[in-house]
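[1] give me the fold of what follows.
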Amino acid sequence: MSIEYPVMDISCAAFANQREAVEHLKSLIRSGANGYTVAVNAEKIMRCQHDLAFRDLVSQALIKVPDGAGAVLALRILDGVRSAKIDFPQSTLIAADELGTACRLGVIGASEESHRGAVAEIRRRYPRVQIVMNRSGFTPEGELLAELQATRPQLCLLSMGTPKQENFAQRAVVAGVPCIFVGAGGALDILSGQAVRAPRWMVENYLEWLYRLIQNPSRWRRQMALPVFLARLIIERVRVGRRTSRAMR
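    Okay, here's the model as predicted:
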């Protein structure tokens, strides 16, 4: 069972390592849980401060995953919790592979070419994964919902970008699709080779944001949220202190 901690009006889970995240996900699948995940980072935390609809979308997530340096830093500064930065799409594939025939997987997102390449790579790396449906990100929503209802995956990688993927997942859950949707962002493009992830040393030192900025300088406006986030984090630390009793179960 993961523990959630409040971070500037939203909550975020804490995982000691990827294995803990995988086991948590496997337990949810076995229990028949449904819902969607949100990858929490500094940009999303700051957006929640002024976008109430987005805050509601995040707060209703089944799992809020610490996905960026900002979320990991906030957990450490506000609550003294050392959480790993979790690659949840990868954790999802590991969980599905370990469960084998006990888990049906859906894969949705990316362009047709990138999608085909990603599915082929998933099958190569995770041979026990049972893919019961896979469609590109340009498939009409009605078709996706109908196929989800027909194939009933227990897990589904959803690579549409934020907040489109979370909004779609929320509508699918409301429509009665019994599935855990995992927001995968650009994971399918990386799996297919259409995009390249930051070098491991940058990932391990929480510098993925810098790599993305170098690769795509037009992101600079989005990255302006980082210094504002750090300032707000310091203010929050002074305001609430560090209290491990703030954990939300």
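[2] okay, the helix or strand that contains M133 in CSV with CA atoms only?
    Per DSSP states H and E, M133 falls inside strand 130-135. C-alpha atoms of strand 130-135 as CSV (Å, rounded to 0.1, in the frame of the first residue of the first chain):
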residue,chain,number,x,y,z
GLN,A,130,-1.0,-10.1,-23.1
ILE,A,131,-1.9,-7.1,-25.3
VAL,A,132,-5.7,-7.4,-26.0
MET,A,133,-6.0,-4.0,-27.8
ASN,A,134,-3.8,-1.4,-29.4
ARG,A,135,-4.8,1.8,-31.2
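[3] what residues are up against the residue nearest the centre of the chain?
    In the chain, the C-alpha nearest the mean C-alpha coordinate belongs to A39, at 3.4 Å (CA atoms, centre = their mean). Contacts for A39 (CB atoms under 8 Å, 6 or more residues apart in numbering) come out as 65, 67-68, 88, 162, 183, 185. In short, each C-beta sits where N, CA and C put it, glycine included.
[4] repeat that for 10 Å
    The contact partners of A39, taken as CB atoms under 10 Å, 6 or more residues apart in numbering, are 61, 63-68, 71, 85-89, 162, 165-166, 182-185, 187.
[5] taking those residues one by one, which sit in helices?
    71, 88-89, 165-166, 187 (DSSP state H).
[6] give the ChimeraX command for selecting the buried subset of those.
    Selection command for ChimeraX covering only the buried members of the ones in helices among the contacts of A39, criterion 16 or more other CB atoms under 10 Å:
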select :71,88,89,165,166,187
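[7] quick check: closest non-adjacent residue to F181.
    A169 (3.6 Å; CB to CB, 6 or more residues apart in numbering).
[8] then R125?
    Setting aside the residues directly before and after it, R125 is nearest to L93 in space (CB to CB, 6+ apart), at 7.3 Å.
[9] wait, doesn't that neighbour sit right on L157?
    Yes - under the criterion of CB atoms under 10 Å, L93 makes contact with L157 at 7.7 Å.
[10] give me the common contacts of the two.
    With CB under 10 Å, 6+ apart as the test, L93 and L157 both reach 105, 107, 122, 182, 184, 187, 191.
[11] thinking again about what came up before, so the residue nearest to the centre of the chain bridges to which residues?
    Residues in a beta bridge with A39, per DSSP bridges, are V65.
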